[in-house]
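1. predicted coordinates and the sequence they were generated for:
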Protein chains: 2
Amino acid sequence: MDPWLIAPIAAIISIFVGLYFYRYVEKQSSGTERMREISDAIRTGSKAFIKREYTTLAYFVGVIAVLLLIFLPSPIWAAENPLNNVALALSYVFGSAFSALAGYLGLSIATKANAKVAHGAQEGLNRAFPIGFRGGAVMGFSVVGIGLLGISIVYLLTGNPETVLGFSFGASALALFAKAGGGIYTKTADISADLVGKIELDLPEDDPRNPAVIADNVGDNVGDVAGMGADLFDSYVASIVAVMILGAALSLGGSTIYIQIPLVFAGIGIFASIIGSLSIRIGKKGNPGYALNMGTYITCAIFAILTAISTYYLGYDWRIWGAATIGLVAGVIIGVTTDYFTSEDKAPVLKTAVASKSGPAINIITGFSYGLRSIILPLIGIGIAAAVSYKLLEPLGGLTFGVFGIAMAAVGMLSIVGLTVSNDAYGPIVDNAKGVAEQSGLSEEVIAITDELDAAGNTAKAITKGFAIGAAGLTVISLLAAFQEIASRAGHVAVFDIMDPMVLLGALIGVAIPAVFSAMLMLGVGRNAERMIAEIRRQFNEIPGLREGKPGVKPDYARCVDIATVGAIKELMPASVVIIVATLIIGFVGGINALGGFLAGAILSSLLLALLMANAGALWDNAKKLIETGVHGGKGSEAHKAAVVGDTVGDPFKDTAGPSLNTMITVMSLVASLFAALIVQYNLLSLLGLA
Amino acid sequence: MDPWLIAPIAAIISIFVGLYFYRYVEKQSSGTERMREISDAIRTGSKAFIKREYTTLAYFVGVIAVLLLIFLPSPIWAAENPLNNVALALSYVFGSAFSALAGYLGLSIATKANAKVAHGAQEGLNRAFPIGFRGGAVMGFSVVGIGLLGISIVYLLTGNPETVLGFSFGASALALFAKAGGGIYTKTADISADLVGKIELDLPEDDPRNPAVIADNVGDNVGDVAGMGADLFDSYVASIVAVMILGAALSLGGSTIYIQIPLVFAGIGIFASIIGSLSIRIGKKGNPGYALNMGTYITCAIFAILTAISTYYLGYDWRIWGAATIGLVAGVIIGVTTDYFTSEDKAPVLKTAVASKSGPAINIITGFSYGLRSIILPLIGIGIAAAVSYKLLEPLGGLTFGVFGIAMAAVGMLSIVGLTVSNDAYGPIVDNAKGVAEQSGLSEEVIAITDELDAAGNTAKAITKGFAIGAAGLTVISLLAAFQEIASRAGHVAVFDIMDPMVLLGALIGVAIPAVFSAMLMLGVGRNAERMIAEIRRQFNEIPGLREGKPGVKPDYARCVDIATVGAIKELMPASVVIIVATLIIGFVGGINALGGFLAGAILSSLLLALLMANAGALWDNAKKLIETGVHGGKGSEAHKAAVVGDTVGDPFKDTAGPSLNTMITVMSLVASLFAALIVQYNLLSLLGLA
């Protein structure tokens, strides 16, 4: 048996594990009628959004599929074998569909699990926790299972890593829309609910009188669960594809060993994640945050051991194992160090909370500044992981082995993504559980348990975020190398020397693209929130008894859900299309060097902005939470109001623009790789004799 | 006569023109006793700050001079000619002293001109305007005169562009501290005065009851006048030095023509600026903003014509003239396009003002997003100017001529800096004049005239800012090329290929440095403002009758001036030292390639952050001003309060961190160039055999 077949086998097992967890969660009780009612409202809203989003995207996928069919890998009228065009277009559609499926599955269970966790919390922490975790794990194991299965099928049928690139592009393009749309949706609802509910009317979070409360809960699911699932699906697939393409360049004499190693490692990663996830359990007084983190460490250890064993038996070079392990270790270190900037008991959050006493402006300046400072450690981490894994593999045969090393470090980081997605998806589920508990009037004690579950989600997030950031950085660097490799195979040996005027021009423009993209998304949130705020104010003014909470008086939740949905669908398209079009223009006008510089500039600036936005956002959020525990005047004080402003500014930072940047840069890199060969042949400056 | 001697001649004439304007302004009346009193208080505060700042910096300059003496250009124990070390150290001290002198002269006249402009305004716009403009021109012509004279002297004495590098480093290091210190000072005072005065107590701007009002006016001078003077002094000198060094590489066979061309062009730029400044005049109903902009266009045209004539007579290649002219045109285009994002009648400001109605958070998200969007046009402008000037000169002899072209474009942009600094320094003078008019109770009519003068400053700023941004970008790119050139002469032919693992590592870390630097400055402002806010609140609580404005009751202005001074001096050092040390560590550990990547990363990210901060800051400021004209509820409305929060967040963005970034990256580049030869010999990774 070919060793790489471990990948599809592990993928299928992973899907079954996901289904097993699905059944487990589904069997749990959803509690009282009121709880079911809320849960149903959230699920209905979420599915309505997803349905409309996917319907809109289906047109986009169709258009792109036709374009791919006509133009790639070479224009169909000039193609040696037009079947290659068909394969690529199908592979693309397949990638989109699988990505959508993974998001949909995660969403389905997450919107059921919320009430079940709330119900379980009535029986205690150790009853509720596994429901939350396993709800998240449905998503985790679906994502990796479906992703790796898709790659395996395409590779099995075509044997060509460049066709797998089409699958990856499908996954990423869909993820881009899902992240952007979900991100706009969730923050529209969150900001509007907070600004009118908390600030103007002094209602508590998740108060059922607030017309936007259901939309807010829906947002957590479509943004954090479905969006994040699609996002990690795309990183996971892209990291494997990048290393396969670089591996193909190393596979002289027909050997495919370097193409298959990432598949083998990814398969092992799934087994490690399954064992790790089964190890996660807590006692009656257990600490759920600790349990989640221990699960991650155990998974890492198992992965390192299992890959060492296969390296030994399959006779791989130990340096390759070394690169993957470096990726794993770097992920943990990046997570732990970044954690400093967002923890409630460390200086940045403490000082931002103090600064809130001087008003919202000082709160924002302080939080933003710490966000800027938080950038350097992860970037050093990514840089060292890249440089060390490069230098480690370079002796095997030079430059291409070096970049292969960087790509393997990314694969190492992402192999345990089954577990990290589980941990991440756990967060919005227990957050929603808290919402359900509050809206259905469960006891203070139960709410306290859901609070504890929620806090654990934040603890676990630090490390999983480290993996996500590090992996995204290494993956896009590998994709840049893959792009270079494809261009050189097409006859243009490119050196991305920053002093080359075309590279420089590309880099300067590239730096601006993530900024423009973020701005478009955030302005979308702003516009959408303005509409929704007007609607919430209208309901409070026009529905008699709503403000006072007269029994039986209910706001019109559906109208807010609808505003968020329509707005998000409308706003997600332009930003995503702009970045694809910009990539093509730079390539077809400026050529390969300009495009390489463009990608490099965009990679650097998207890492900067993504880290800034994610960390500043989390920091403002936690400063607000800290004040809510009673310090600096507690809830309702001037300091609290200032902190709420900071938190609101941070919302689109951390949940809309920041997390979309990873996907954005992946899509740009994949577009560049797909079109590289065509660009080598046709680009304006070469045609004019200027390049 | 050697043609380049036009440079020192023009420089001396420039200094005389500056002195002539100084005398002109000094002869004007300062108005009533109350006006003189206020003006004196501002001057005393400013000089106290400058004295303390310069005293502190003298120690720093001394330490660095000793280090240069010992280590550069080569360690004194290994030096062929130890006199070179002496020359470099002296050149450095000389650069610092000249830079300080330029700032001091500008500050002296600016703090006198304010009351004189206010007094002139009583006789009408056309009486006040020339006082303001000529006050600014003292600074403008001192900066270019002293800068070019210094370069000429060092070059005349040593004939060695690398010794001129020492002069440039002296100027830049001092500018860095002056910008950082002045920026922290001005925003500490501004934010504190606004937060307590405007927001808590509803006092108008510049109300004499506010204890921070004098500190605020002092801040305008030490931040905007002295700081900016030092900043443009440093860019101006650095751009000329970069092109001299690249020119030296082209000067085969002992010809020094390419070293001298930038000096000739800079000299012509001074003549063009003098003629342009004399052309600026307005009638009784004239439009001062239009007059300032026309002056700039006239200067550009004269510069282009005069350089064309000398190109013809001196037999320079027309391509060199072309590169300089491209720089000039790019500067204007960048200015005009950037203007869109900060003009009161364009969408970004209008929409940010509308967003203020939904509260401070939406105001900030909207303004920040437009700030992000504003980045792309100037970056495209810089990129195209660089690529075109490179391609234009490349046919003369390849790569080095190409980068020489980029450097000439920077020189082209900066040759008319005498005029642009005049226009820029005009701004804070008339701003202060308005403050003096308000505090001394002049009539509404007079205040309206000072308002009109102030608005003209903002109009002119758009284009001068375009020049500053574009020139900074091109200058640092040229400095990177100069660094590469020096390293290659020292035996390390470097290619800054982004896929080289050391370049990549350097770039990833470099990207984070401007962020960390900005954060340190802004956190300094935050800390300092907290102290000052406490003091202002104390005075209002403890001084009886102050709040009510009882006649004869005065706040303790000096105490606020003192807090701002002590705080700024304390906060300016760490950030500036960190970036110098970081540059040296990267170089001596990672070697030339890592350092090249580091600079490239830092250049890209500092352009991004500088543009974002400058534009978002100006946009928030103007959105607030727009609301103050009466729209969306006008002064005192909720929208206005929200807009004030945005303006306050923007303050340290646009006046502390943003403008310091240009200087920061120049200093980093100069440090790298100075140490390049040493780093080639001694760096850890090479010594360990790893690079």
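-> Sure thing, it's come through.

2. only C-alpha atoms from now on, for both contacts and neighbour counts.
-> Noted.

3. average pLDDT for stretch A:579-593?
-> Average pLDDT, stretch A:579-593: 95.

4. up against chain B, what does the stretch 301-450 of chain A have?
-> A:355, A:358, A:360-362, A:364-366, A:368-370, A:372-373, A:375-376, A:379-380, A:382-384, A:386-387, A:390-391, A:403 (Cα under 8 Å from any Cα of the partner chain).

5. and A:Asp206, that's in a helix?
-> No. Read with DSSP: H, G, I helix; E, B strand; the rest coil, A:Asp206 is coil and lies in no helix.

6. and it, its phi and psi?
-> phi 60, psi 30 (degrees, to the nearest 10).

7. kindly report the same for the one 4 residues further on.
-> For A:Asn210, the backbone dihedrals (degrees, to the nearest 10) come out as phi -70, psi 120.

8. please, which helix or strand holds the closest residue to A:Leu306 other than its chain neighbours?
-> Residue nearest to A:Leu306 in three dimensions, not counting chain neighbours: A:Ile268, with 6.8 Å by Cα to Cα, 6 or more residues apart in numbering or on different chains. According to DSSP states H and E, A:Ile268 maps onto helix A:257-279.

9. how about that helix: buried residues?
-> A:257-277, A:279 (16 or more other Cα atoms under 10 Å in any protein chain shown).

10. next, count neighbours for A:Gly219.
-> Burial of A:Gly219 is recorded as 30 neighbouring residues (other Cα atoms under 10 Å in any protein chain shown).

11. likewise for A:Ala672?
-> Using other Cα under 10 Å, A:Ala672 has 29 other residues around it.

12. gap between it and chain B?
-> In this view, A:Ala672 and chain B are 16 Å apart by Cα to the nearest Cα, to the nearest Å.

13. I figured the residue nearest to A:Leu306 hits A:Ala304, correct?
-> No. Counting by Cα atoms under 8 Å, A:Ile268 does not reach A:Ala304; the two are 9.4 Å apart.

14. does A:Gly545 sit in a helix, a strand or a coil?
-> Strictly by three-state DSSP, A:Gly545 counts as coil.

15. which residues touch it?
-> Applying Cα atoms under 8 Å, 6 or more residues apart in numbering or on different chains to A:Gly545 gives the contacts A:Val553.

16. backbone phi and psi for it, please?
-> Reported as degrees, to the nearest 10, the phi and psi values for A:Gly545 are phi 90, psi -10.

17. try the one 4 residues further on
-> Dihedral angles phi and psi of A:Gly549 (degrees, to the nearest 10) take the values phi 80, psi 40.

18. return the list of helices and strands in contact with the strand or helix carrying A:Ala361.
-> Per DSSP H and E, A:Ala361 falls inside helix A:360-373. Packing partners of helix A:360-373 (3 or more Cα pairs under 8 Å, 6 or more residues apart in numbering or on different chains; DSSP states H and E): helix A:347-355, helix A:557-628, helix A:638-652, helix B:501-542, helix B:638-652.

19. so the longest one versus helix A:347-355, what angle?
-> With axes from the mean of the first three to the mean of the last three Cα atoms, to 10 degrees as the criterion, the two stretches helix A:557-628 and helix A:347-355 enclose an angle of 100 degrees.

20. picking that back up, drop anything exposed from the residues of the stretch 301-450 of chain A next to chain B.
-> Counted by 16+ other Cα under 10 Å, these give A:355, A:358, A:360-362, A:364-366, A:368-370, A:372-373, A:375-376, A:379-380, A:382-384, A:386-387, A:390-391, A:403 as buried.

21. burial count for A:Tyr313?
-> A:Tyr313, neighbours per other Cα under 10 Å, totals 9.

22. who are the neighbours in contact with it?
-> Taking Cα under 8 Å, 6+ apart, one finds nothing in contact with A:Tyr313.

23. do you know the pLDDT at it?
-> With respect to pLDDT, A:Tyr313 scores 93.

24. now do the one 10 residues further on
-> On pLDDT, A:Ala323 comes in at 95.

25. surely it meets A:Phe404?
-> No. With contacts counted by Cα under 8 Å, A:Ala323 stays clear of A:Phe404, the gap being 9.2 Å.

26. next up, phi/psi of A:Pro544, please.
-> The phi/psi pair for A:Pro544 (degrees, to the nearest 10) is phi -70, psi 140.

27. number of nearby residues for it?
-> 13.

28. circling back: what touches both of A:Ala323 and A:Phe404?
-> Joint contacts of A:Ala323 and A:Phe404 (Cα under 8 Å, 6+ apart) are A:Leu393.

29. following element in sequence after the helix holding A:Ile268, please.
-> helix A:288-314.

30. now do the helix or strand immediately after that next one in the chain against helix A:557-628, angle only.
-> Downstream of helix A:288-314, the first helix or strand assigned by DSSP H and E is helix A:318-342. Angle between the axes of helix A:318-342 and helix A:557-628 is 80 degrees (criterion: the same axes, to 10 degrees).

31. neighbours around the residue nearest to A:Thr325 when sequence neighbours are not counted, how many?
-> Nearest non-adjacent residue to A:Thr325, counting by Cα to Cα, 6+ apart: A:Gly412, 6.1 Å away. Using other Cα under 10 Å, A:Gly412 is surrounded by 35 other residues.

32. packing partners of the helix or strand harbouring A:Gly412?
-> Assigned by DSSP H and E, A:Gly412 belongs to helix A:399-415. Applying 3+ Cα pairs under 8 Å, 6+ apart, we find helix A:399-415 packed against helix A:228-250, helix A:257-279, helix A:318-342, helix A:376-393, helix A:444-489.

33. helix or strand right after that helix?
-> helix A:417-439.

34. who are the packing partners of that following helix?
-> Using 3+ Cα pairs under 8 Å, 6+ apart: helix A:417-439 touches helix A:33-71, helix A:82-121, helix A:125-158, helix A:228-250, helix A:257-279, helix A:288-314, helix A:444-489.

35. in JSON lines, list these along with distance to A:Asp424.
-> Converted to JSON lines, these look like this (distance: least, Cα to Cα, whole Å):
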{"stretch": "helix A:33-71", "distance to A:Asp424": "19"}
{"stretch": "helix A:82-121", "distance to A:Asp424": "12"}
{"stretch": "helix A:125-158", "distance to A:Asp424": "7"}
{"stretch": "helix A:228-250", "distance to A:Asp424": "8"}
{"stretch": "helix A:257-279", "distance to A:Asp424": "13"}
{"stretch": "helix A:288-314", "distance to A:Asp424": "10"}
{"stretch": "helix A:444-489", "distance to A:Asp424": "6"}
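
36. skipping its backbone neighbours, what lies nearest A:Ala455 in space?
-> Nearest non-adjacent residue to A:Ala455 (Cα to Cα, 6+ apart): A:Gly289, at 7.5 Å.

37. give me the neighbour count for that neighbour.
-> A:Gly289 has 21 nearby residues by other Cα under 10 Å.

38. separation between it and chain B?
-> Per Cα to the nearest Cα, A:Gly289 is found 30 Å from chain B.

39. so that residue sits right up against A:Lys461, yeah?
-> No. If you go by Cα under 8 Å, A:Gly289 and A:Lys461 don't touch, sitting 9.4 Å apart.
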